[in-house]
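1. curious how this folds, go ahead:
(one chain, ligands or ions: 1)
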Amino acid sequence: MIHFAPIPLNLKDRRILMRVDFNVPLKQGKVESDFRLLRTLPSIQQVSRKGGRIILMSHLEIDDRYYSLRGVGQFLKSKLKGFRFSSTVTGQKVKRMIDGMEPGDVLLLEDLRLEPGEKSNSPAFAKELALLGDLYINEAFSVSHRRHTSIVGIPEYLPSFAGSLFRKEVKILSRAFKPPRPFLFILGGNKFATKAPFLEKFLKKADTVVIGGAMIAPILLDRTSRIGRTSSKILMPRDVVVLRGKHKKTIPIEALEQSDLIYDLGPKSIARIVSLAKKSRFILWNGPLGYLEGGFIHGTLSLARALGSVSAEVIVGGGDTASFLDQQKLLDKFSFVSTAGGAMLDFLVEETLPGIEVLEK
Ligand code: 3PG
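-> This next block holds a predicted model:
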């Protein structure tokens, strides 16, 4: 059982360093999906109402590039009173901004990952950040699989607590430790390197594992791997969508050529997953089935609509999946949509996370 200490009741005028996950899709610098932001907003408002001075810390990394959080700041400005954005993470300017904050004010720091000390979990950077606050709240469950300074470093120097959204994620996702059966696990998305190590572990936990998205090609090609050899539980696609010249083509899996790139699952594959979903009692879905940014949404959308009306408990995770469901107005069709992607997988397999362990100490 995971147990967290309660957040102190008296937060008046205290400087609260809050790690949040504002790693959200942007379009021309503007927030494209506000799902994660809206999920985090109530925690920020709660602390603000208690008179805390809140210093928000996040990262924004898309395809290995770091982006400014200024666009997220624009969004928050319209939702929070006394909000300001700091274009730097540490230094005199930030200190002055914090000194000038009134109780209830909120300050968002620039992308933490622009500082080399964040990913390397540097003690010097942790101390520097810790000096900005009186206590630390982790409201970024979705990043808590990372041993980064803002997740595991700061708690070494400040009284540290789990935020309310963080606690909710832990409570609900813990239900999947002993899932009702049959348990169907659907794994898509594009972070193959992050997700692949979990596949074997999920093959032990789930009754059937469906592979979609960018996960398919490496597994198809890697027939001789351990994953390939233990693949009786893996439901591979029957048909996929490829581009031939400029034309989308749905082809059976046997017709795939070495040079083909897979952009989506075809209708036969989706029908098979849906029929299995109808017989399942517990479904975990993480990651889109196709290349959504390129407009290959058909497989993911058909699956989302079908899963929204099955009788099984359906838990969905993954930043891109959640954003997609948000855009399609399907979020409320599911038992629970987690704000986490990789962290959710890690948590379900390990039953803890580095960011949880430091808060339990
Ligand atoms: C996510 O989008 O899953 C989290 O923000 C973690 O992002 P990361 O994989 O870049 O650490």
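
2. and the strands in the stretch 251-361 of the chain?
-> 262-265, 282-286, 313-317, 336-337 (DSSP state E, counting those that start in this stretch).

3. now the second one, how far from the centre of its chain.
-> Mean-position distance between strand 282-286 and its chain equals 14 Å (CA atoms, centre = their mean, to the nearest Å).

4. now the chain, which segments are flagged as low pLDDT?
-> Low-confidence segments of the chain, defined by pLDDT under 70: 221-231.

5. repeat the analysis, applying 80 as the threshold.
-> Scanning the chain for pLDDT under 80 picks out 191-194, 196-197, 214-215, 217-231, 361.

6. residues of it that sit close to the ligand?
-> Contacts of the chain with the ligand, taken as CB under 6 Å from any ligand atom, map to Asp21, Asn23, Glu61, Ser142, Val143, Arg146, Gly319, Gly341, Gly342. (C-beta placed from N, C-alpha, C; glycine too.)

7. what subset of these is buried?
-> Buried members of the residues of the chain next to the ligand, scored by 16 or more other CB atoms under 10 Å, are Asp21, Asn23, Ser142, Val143, Arg146, Gly319, Gly341, Gly342.

8. can I assume the second one sits in a strand?
-> No - secondary structure assignment (DSSP: H, G, I helix; E, B strand; the rest coil) places Asn23 in coil, not in a strand.

9. can you tell me the closest non-neighbouring residue to it?
-> Among residues not flanking Asn23 along the chain, Leu60 sits closest, at 5.4 Å (CB to CB, 6 or more residues apart in numbering).

10. what bridges to Val106?
-> Here Val106 sits in beta bridges with Ile54, Phe83, going by DSSP bridges.

11. list the contacts for it?
-> Residues in contact with Val106, defined by CB atoms under 8 Å, 6 or more residues apart in numbering, are Ile44, Ser48, Ile54, Leu56, Leu76, Leu80, Gly82, Phe83, Arg84.

12. which strands and helices lie in contact with the helix or strand containing the fourth one?
-> Read it as Leu56. According to DSSP states H and E, Leu56 maps onto strand 53-57. Strand 53-57 makes packing contacts with strand 15-19, helix 35-49, strand 106-109 when contacts are defined by 3 or more CB pairs under 8 Å, 6 or more residues apart in numbering; DSSP states H and E.

13. among those, which comes closest to Ile253?
-> Ile253 lies closest to helix 35-49 among these, at 32.9 Å (CB to CB).

14. turn the strands of the stretch 251-361 of the chain into CSV, columns for mean neighbour count.
-> Conversion of the strands of the stretch 251-361 of the chain to CSV gives the following (neighbours: other CB atoms under 10 Å):
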stretch, mean neighbour count
strand 262-265, 26
strand 282-286, 26
strand 313-317, 23
strand 336-337, 18
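
15. which parts of this structure are helices?
-> Using DSSP state H, the helices assigned to the chain run over residues 35-49, 70-77, 92-99, 116-119, 123-130, 164-173, 192-205, 216-221, 226-229, 267-279, 298-307, 319-327, 342-350, 354-360.

16. mind putting those in a markdown table, distance to Gly287 included?
-> Formatted as a markdown table, these follow (distance: least, CB to CB, whole Å):
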| stretch | distance to Gly287 |
| --- | --- |
| helix 35-49 | 15 |
| helix 70-77 | 23 |
| helix 92-99 | 36 |
| helix 116-119 | 23 |
| helix 123-130 | 31 |
| helix 164-173 | 16 |
| helix 192-205 | 7 |
| helix 216-221 | 11 |
| helix 226-229 | 16 |
| helix 267-279 | 13 |
| helix 298-307 | 9 |
| helix 319-327 | 6 |
| helix 342-350 | 9 |
| helix 354-360 | 21 |
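
17. Glu156: how many residues sit nearby?
-> Residue neighbour count, defined by other CB atoms under 10 Å, stands at 16 for Glu156.

18. surely it and Ser122 touch.
-> No - between Glu156 and Ser122 there is no contact under CB atoms under 8 Å: 11.6 Å.

19. how many residues are close by Asp99?
-> Residues near Asp99, counting by other CB under 10 Å, number 9.

20. how close does it sit to Tyr263?
-> As judged by CB to CB, to the nearest Å, Asp99 and Tyr263 stand 52 Å apart.

21. so who does the residue nearest to Asn23 touch?
-> Phe22, Asn23, Val24, Leu26, Tyr66, Tyr67, Ser68, Leu69, Val72, Asp111, Arg113.

22. follow-up on the earlier one: scan the contacts of Val106 and report the most crowded one.
-> Neighbour counts for the contacts of Val106 were taken using other CB under 10 Å; the highest belongs to Ile54, with 28 neighbours.
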